[in-house]
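1. output the structure for:
(2 chains)
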Number of protein chains: 2
Amino acid sequence: MAAVLNKLGALEAARLLNRRELSAEQLVRACLARIEQREPQVQAWVVVDAPAAIAQAQALDRGAVRGVLHGLPLGVKDIFDTHDLPTRYGSSIYDRHQPHADAACVALCRDAGALVLGKTVTTEFATYTPGPTRNPRNPAYTPGGSSSGSAAAVADDMVPLALGTQTAGSIIRPAAYCGIVGFKPSFARVPRAGMKNLADTLDTIGGFARSVEDIGLLASVLLRDERLRQLDYDAKPRIGMFRTLQWRHTLPETRTAYEHAARVLSAAGARVEEMALPAEDCAIVQLHADIMAFEASQSLAYERRAYGSQLSTKLQAVLEAGMRISSADYLTLRARAAQVTARIHAWFDTYDLVLAPSAAGEAPFFEQGTGDPQFCRGWTLAGVPTVHLPFAQGPQGLPVGLQAIGNINHDHGLLAMAGWVQRELAEHPPEL
Amino acid sequence: MAAVLNKLGALEAARLLNRRELSAEQLVRACLARIEQREPQVQAWVVVDAPAAIAQAQALDRGAVRGVLHGLPLGVKDIFDTHDLPTRYGSSIYDRHQPHADAACVALCRDAGALVLGKTVTTEFATYTPGPTRNPRNPAYTPGGSSSGSAAAVADDMVPLALGTQTAGSIIRPAAYCGIVGFKPSFARVPRAGMKNLADTLDTIGGFARSVEDIGLLASVLLRDERLRQLDYDAKPRIGMFRTLQWRHTLPETRTAYEHAARVLSAAGARVEEMALPAEDCAIVQLHADIMAFEASQSLAYERRAYGSQLSTKLQAVLEAGMRISSADYLTLRARAAQVTARIHAWFDTYDLVLAPSAAGEAPFFEQGTGDPQFCRGWTLAGVPTVHLPFAQGPQGLPVGLQAIGNINHDHGLLAMAGWVQRELAEHPPEL
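-> Take a look at the predicted model:
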């Protein structure tokens, strides 16, 4: 059994831990063994403190059940402060940085009994410049970013759960490339204290798991909403299939997966409709990019000022672009974003759920960077919750899926319907 | 001249520094002398590093003019990280905390040439439990909170400018009690990286000065908007006088100031109208308090979990109240807040400016705590910019004024009109 304990999903492991049929120490040792075996290829971790993790597990095993994450090993993106592990934010500027406190989201998970196994690789300040992490399905490919290590660690069965952040596409895209479930909750639902801010109106905390039910368990702690542990859904959702105006950038595997999903879900009784493409929403990708550049150039003012030469050339260019946006133009962008956002929220008068591409297709080669967030920017800007669902494969044998999008602050409804979608698609997989 | 240099306003000092008619060293030495003289009574500072400040001043004097704050001493509320000064957040939990980086807003000010003179006293995590700071007008009274030290330091001519934050009433109230200008910009305009978060949808960074023009100078850096240095205004604003539903809590000095302002501004040509009190807005004070309690209990998850006994009893009670609010109830509160906020934004179709009480009246006695934020909660919840204008006195000889409120993201218009209001009221002061 030890050989497969690391493959247990979060919910199943939690049930066994709760009944004391599995010890936290057994589980963490299985995860550590997997990491020892695979980390040389995957390189998902900045730091793993194995002795401390085992000691934490033993302490959890000795005590009462602390909460719904009792004994579950957790990967923490290295963009979150941890009081007991160094925190580098993916930048040499913070090489010797040891925070005093845990980020609030880390503390919430620990309070629920989670065991922080280590810190996972992030791109530089959760932007563009990759870390060393490889796609665990095939090391020639990128795992995506910026939450590279968290996605890779969960996909490679090193941990059942991991924390991530999304400012553009940093949860959904790596989830898509690694073939797992990634969840970006509604904006401003998970407290951001102790994360390295990038863009105040966009930064959103979420996480990774290998099933919708598992991510619901983690989300119930992050959003402090126990309803997220009850994802029963037996209605037939009204689904808007939305190709987005980036459809021309999708690769054949995404088009196939999209059409397959529409077919299967329609056959399962959902009302499935192609959504019209409102021309005014064409601008949303650029709107997001400009707002993010302005805000990032403000949020990283200290690093820009004191350590400019230690920023990557790419990030310097983004920050300089942000600096060239005037305050008046920024406010115009925000006003336009508010209009588009209101239109997107109104879609949910007609649809319960929107399905759209998460990425162009399979993961790009490692050398090509972490991929393009263009399929995610709009949803982040609109603050709506979104979850990536893996269910197909592309020509390289890498994972493909779609993202399910719900209305803002309807995180429970979204995950419940996404669970239904995932089950239907699992029962009717696409032909390879 | 040395004896009065510390009394120079920010704009006037900046002009002299810019022409090299005043050196940064002269100015900082005058400020340090004032602090040495007065700090035993006022206790505005957590830490002042005089030798470092003088060295910074000398370096600024040797170099080119860096920016619009070149050589201006700045007080930094001890809720912001500073890479060269310890940062305590008003809590013994952080007694030995030395951040690695500056908060983004501190870096923006330094980049513009400001000289960080030291860290100013904050209440515990910018909430309720006071620090030692006394009202510089009369040490028997509170300076207000949570930005106690920043307001007191500016009011006592220790520095021309200081940074603060407002989550409920933490800028406007201390500005009112200390008799200076306090400015809370629109929500999400000043980057929050490196500040200790309390409530993600409410925390707002702003500052203090002794005139509207001076705060415009600081705000131009924080909001990166040079228009805030050009506050010309020669129109006649449409002013809504808004008693608020807390009017029954106002003291006679506030009622007198309110009526005086209405009379003077009307005589100056403004269209001045009493605004109706929409009954639905009655709930906004409690709405804000509940949303803040929920979010604070999430943001302070680490401190609650690891250092619960080091939190004040008052803060523990607030966090426990926040913990009792369910996620479903929180979302209902947020939805109601969005409705009230939209109504408030719509007021500005009819009015250019709203004038309302900043506090019940003069500062309470020191022993009574830092005062009630009830007159500020609604404006913080609505995200609208607001500026306190001091222009009157109460029966104890302490300052009294009103706050001017503008529409969200109309920070420039608000400050321009507030400058006009301040000039008119200065020309027609109330009788004592």
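2. can you pull the contacts of the nearest residue to residue A:368 once chain neighbours are set aside?
-> Nearest non-adjacent residue to residue A:368, counting by Cβ to Cβ, 6 or more residues apart in numbering or on different chains: residue A:142, 6.9 Å away. In this view, the C-beta of every residue, glycine as well, is placed from N, C-alpha and C. Residue A:142 is in contact with A:130, A:134-135, A:148, A:177, A:363-366, A:368-371, counting by Cβ atoms under 8 Å, 6 or more residues apart in numbering or on different chains.
3. and with 6 Å instead?
-> The contact partners of residue A:142, taken as Cβ atoms under 6 Å, 6 or more residues apart in numbering or on different chains, are A:135, A:363, A:364, A:366, A:370.
4. dihedrals phi and psi, it?
-> The phi/psi pair for residue A:142 (degrees, to the nearest 10) reads phi -80, psi 150.
5. pretty sure residue A:387 belongs to a helix, no?
-> No: per DSSP: H, G, I helix; E, B strand; the rest coil, residue A:387 lies outside any helix segment and is strand.
6. so it sits right up against residue A:405, yeah?
-> No: counting by Cβ atoms under 6 Å, residue A:387 does not reach residue A:405; the two are 8.1 Å apart.
7. between these two, what contacts are shared?
-> Counting by Cβ under 6 Å, 6+ apart, residue A:387 and residue A:405 have no common neighbour.
8. these two: which is more packed in?
-> Remark: of residue A:387 and residue A:405, residue A:387 carries more neighbours, 32 against 26, as counted by other Cβ atoms under 10 Å in any protein chain shown.
9. what bridges to the more buried one?
-> Taking DSSP bridges as the rule, residue A:387 bridges to residue A:183, residue A:404.
10. tell me the pLDDT of it.
-> At residue A:387, the model reports a pLDDT of 98.
11. list the contacts of it.
-> So residue A:387 contacts A:183, A:404, A:418 (Cβ under 6 Å, 6+ apart).
12. quick one, strands of chain A?
-> For chain A, applying DSSP state E gives strands covering A:45-48, A:73-77, A:115-120, A:161-166, A:181-184, A:204-209, A:238-241, A:271-274, A:353-357, A:386-393, A:399-405.
13. relative to strand A:161-166, how tilted is the second one?
-> When axes from the mean of the first three to the mean of the last three Cα atoms, to 10 degrees is applied, the directions of strand A:73-77 and strand A:161-166 differ by 20 degrees.
14. surely residue A:361 meets residue A:253?
-> Yes: with contacts counted by Cβ under 6 Å, residue A:361 reaches residue A:253, the gap being 4.8 Å.
15. can you check which residues contact both of these two?
-> Common neighbours of residue A:361 and residue A:253 (Cβ under 6 Å, 6+ apart) are residue A:394.
16. more neighbours, those two?
-> Set residue A:361 next to residue A:253 and count neighbours by other Cβ under 10 Å: residue A:361 wins out with 24 against 20.
17. ok, and the closest non-adjacent residue to that one?
-> Excluding its sequence neighbours, the residue lying closest to residue A:361 (Cβ to Cβ, 6+ apart) is residue A:251, at 3.0 Å.
18. for chain A, name the helix or strand with the lowest mean pLDDT.
-> Using mean pLDDT, DSSP states H and E, the weakest-scoring helix or strand in chain A turns out to be helix A:2-5, at a mean of 76.
19. what's the spacing between the closest residue to residue A:225 other than its chain neighbours and residue A:62?
-> Distances taken as Cβ to Cβ, 6+ apart put residue B:327 closest to residue A:225, at 3.5 Å, once the chain neighbours are dropped. Taking Cβ to Cβ, to the nearest Å as the measure, residue B:327 falls 31 Å from residue A:62.
20. who's more crowded, those two?
-> Comparing residue B:327 with residue A:62 by other Cβ under 10 Å, the one with more neighbours is residue B:327, at 19 against 8.
21. show the average pLDDT along stretch A:282-300.
-> The model assigns stretch A:282-300 a mean pLDDT of 95.
22. I misspoke; the intended subject was stretch A:88-104.
-> 97.
23. that one vs chain B: in contact?
-> Yes: using Cβ under 6 Å from any Cβ of the partner chain, stretch A:88-104 reaches chain B at A:97, A:100, A:101, A:102, A:104.
24. buried residues, that stretch. List them.
-> Of all the residues in stretch A:88-104, those buried under the rule 16 or more other Cβ atoms under 10 Å in any protein chain shown are A:88, A:89, A:90, A:91, A:93, A:94, A:99, A:100, A:101, A:102, A:103, A:104.
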